[in-house]
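> 3D, please:
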Amino acid sequence: MSRFCLFPNFPRRICYENQKEKKLKPLIITLVIILIAGGIIFFIGRKNAAPREEMRYTVRRETFKNIIEISGNIEAAQQQNLQAAGDGTVEQVFVKEGDRVKTGTVLVVLDDTQQQYNLASHDYQMNQDRITGALGKLELMEKQREVLLKNIEDRKIIARFDGVIGQLKIADGDYAKAQDSFGYLIDRSHMKATVEIVETDSSRLKAGQKVFLSFPAYPNLNVEGTVVSYPAVGRITTRGRQFWIRKYA
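So this is what the prediction gives:
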């Protein structure tokens with residue numbers, strides 16, 4: 001505590017104390033006691049506190065697939081059934097299964113002896129009629145000759161496009177009947193699928209859309225394709241109302 005006096009030499013001194021310092025000293029002591037007590041309590045609390053449990057979160061990634069269930073058939077881009085236009089003996093087979101052929105290649109030839117005779121007989125008659133026959137009759141015989149030439153050409157089975165002989169079950173000397181199929185030629189440059197989808201899935205389709213096809217019989221085979229077209233109106237099948245769609249891969 002500080003003091004100062006007025007007129008110190010007088011018999012009675014008048015002295016004053018610094019009241020501020022008088023009040024500050026007990027305040028400082030009180031604050032020191034509080035800080036010490038708080039530190040002790042904090043230290044004891046830290047010592048006795050249980051360790052915090054570490055929280056771990058696992059993030060699971062999920063993928064949702066938008067799949068349209070379909071059913072249908074997949075076939076080659078083009079297929080030509082190998083069949084004869086008429087009955088006859090197979091004169092010569094020029095190809096075998098697995099051969100690649102070009103458009104216009106002669107694959108099989110049937111005996112055309114009868115057709116060649118018919119043409120020769122017709123030409124002989126035309127030559128006779130040119131001397132004595134009428135002009136109208138000659139014009140008719142020219143048309144008949146075109147038919148006879150077509151009959152000879154029909155004794156050949158010719159490839160209509162570039163492709164591969166997928167199956168061939170005929171050999172030289174066999175007898176072929178009209179319209180009997182004995183093999184086929186396929187174009188495997190791409191495949192086409194004609195499938196059915198339910199009506200509720202039709203809104204999820206559009207021309208040019210990419211599609212991926214999988215097959216239960218071939219679990220490791222995935223085919224990419226494109227939606228070519230589908231009708232605006234569906235039809236009723238055993239599976240309900242269906243839409244036909246053609247997909248190319």
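> quick one: strands adjacent to the longest strand along the chain?
Using DSSP state E, we find that the single longest strand of the chain is strand 181-198. Strand pairing for strand 181-198, using DSSP bridges, gives strand 71-83 (antiparallel), strand 163-168 (antiparallel), strand 240-248 (antiparallel).
> mind saving the C-alpha coords of the longest one as PDB?
Right, strand 71-83. Written as PDB, here are the backbone C-alpha positions of strand 71-83 (Å, rounded to 0.1, in the frame of the first residue of the first chain):
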ATOM      1  CA  SER A  71     -36.800 -62.400 -76.700                       C
ATOM      2  CA  GLY A  72     -36.200 -63.000 -80.400                       C
ATOM      3  CA  ASN A  73     -33.800 -64.400 -83.000                       C
ATOM      4  CA  ILE A  74     -30.400 -63.400 -84.300                       C
ATOM      5  CA  GLU A  75     -29.500 -64.200 -87.900                       C
ATOM      6  CA  ALA A  76     -27.000 -63.200 -90.500                       C
ATOM      7  CA  ALA A  77     -27.400 -59.900 -92.400                       C
ATOM      8  CA  GLN A  78     -28.500 -61.900 -95.500                       C
ATOM      9  CA  GLN A  79     -29.200 -65.500 -96.200                       C
ATOM     10  CA  GLN A  80     -29.800 -67.300 -99.600                       C
ATOM     11  CA  ASN A  81     -31.300 -70.700 -99.500                       C
ATOM     12  CA  LEU A  82     -29.700 -72.900-102.200                       C
ATOM     13  CA  GLN A  83     -32.400 -74.600-104.100                       C
END
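> Give me the distance between residue 167 and residue 116.
For residue 167, the distance to residue 116 (Cβ to Cβ, to the nearest Å) stands at 30 Å. (Glycine included, C-beta is placed from N, CA and C.)
> all helices for this protein, in order.
19-48, 113-132, 135-153 (DSSP state H).
> Show me what the mean pLDDT comes to for the shortest one.
To tie it back to what came earlier, the one meant is helix 135-153. Regarding helix 135-153, the rounded mean pLDDT is 89.
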